[in-house]
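In: using only what follows, build the 3D model:
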Amino acid sequence: MEQIYTIPVNEAFEQSAADPSCGCPLCTLYRRLEENELDLILGASMMEPDVRIKTNQEGFCRLHYDLMFVRKNRLGMALTLESHLKELQKDIKEGGLGAPGAKPIKRIQALESGCYVCRRIEFNFEHMVETAVLLWDTDEAFPAKLDAQPYFCLPHYRRLLEYGQKRLGKKKQAAFAAACGKVVNSYMETLTEDISWFCKKFDYRYDQEPWYNSKDAVERAIRFLRSDIHTGETQKAKGK
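Out: Here you go, the predicted model:
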């Protein structure tokens, strides 16, 4: 029986199985989580005291500042930044025991390594990857969905394998790793051939040959190697 927490995972896998252009289903899940978090932080969650305490402490990475900025809610951003900056003013003032500059160094290091949105996404995404592994183990229909995936990007392939090792017995670990590896290795073989053909097309001897499926091979290789996340709004944030 489908549970609420399994619905988004099943939907993403079904969508990618039906339409290969959707790509890695875990990338789709990550993007949805990111969109939800950005909507919340500039909307319903913005004025909640417990959320404000956490955003004041953690701040945001540069990418998520950019992604919030292009959503054109400058007042929402300004209100968040106002309380964040006021807290930082106190936190990075020199003083106290220790070497000169020790207090601001420690606080800024913590700020550089933290991001409220990244942490929230990672917390929820971790559970979604785990859910995919458990569905493969307990839902008799899910293994076929996994087999039908166009590909898993390498970072998310690693996550699947890691959770397979954590959540499955040794016998099932091997079967799960083989199932995921079949999807990834098949796609990598095709992708490598497409990249090679793309390169050949810049040789005059292949000038009259068709492109086949290689015209977007570079873009697909990047998505495969480094995931297909932060898309869409990221390009706007970069001014492209």
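In: tell me the centre residue of this protein?
Out: Central residue of the chain (CA atoms, centre = their mean): Tyr30, 4.3 Å from the mean position.
In: may I see the buried residues of stretch 169-181?
Out: Buried positions in stretch 169-181, judged by neighbour count with 16 or more other CB atoms under 10 Å: Gln173, Phe176, Ala177, Ala179, Cys180. Glycine gets a C-beta too; all of them are placed from N, C-alpha and C.
In: to clarify, my last question referred to stretch 78-89.
Out: Across stretch 78-89, burial judged by 16+ other CB under 10 Å covers Thr80, Leu81, His84, Glu87, Leu88.
In: wait, the third one sits on Thr55?
Out: Yes: in this structure, His84 is within contact of Thr55 by CB atoms under 8 Å, at 6.3 Å.
In: state the helix or strand in which the residue nearest to Ile41 when sequence neighbours are not counted lies.
Out: Nearest non-adjacent residue to Ile41, counting by CB to CB, 6 or more residues apart in numbering: Val117, 6.4 Å away. Secondary structure from DSSP states H and E places Val117 in helix 116-138.
In: okay, the buried residues of stretch 169-181 in JSON lines with distance to Tyr212 next?
Out: Shown next, in JSON lines, are the buried residues of stretch 169-181 (distance: CB to CB, whole Å):
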{"residue": "Gln173", "distance to Tyr212": "37"}
{"residue": "Phe176", "distance to Tyr212": "33"}
{"residue": "Ala177", "distance to Tyr212": "31"}
{"residue": "Ala179", "distance to Tyr212": "28"}
{"residue": "Cys180", "distance to Tyr212": "27"}
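In: quick check, pLDDT for Tyr3.
Out: If you look again at residue 3, you'll see it is Gln, not Tyr. With respect to pLDDT, Gln3 has a value of 76.
In: with Ala44 instead?
Out: Looking at Ala44, its pLDDT is 77.
In: relative to Phe60, how far out is it?
Out: With the distance defined as CB to CB, to the nearest Å, Ala44 ends up 17 Å from Phe60.
In: and these two? Which one has more around it.
Out: More neighbours surround Phe60 than the other of Ala44 and Phe60, with 22 against 10 (other CB atoms under 10 Å).
In: how about the more buried one: what's its closest non-neighbour residue?
Out: Closest residue to Phe60 apart from its sequence neighbours, by CB to CB, 6+ apart: Cys115 at 5.0 Å.
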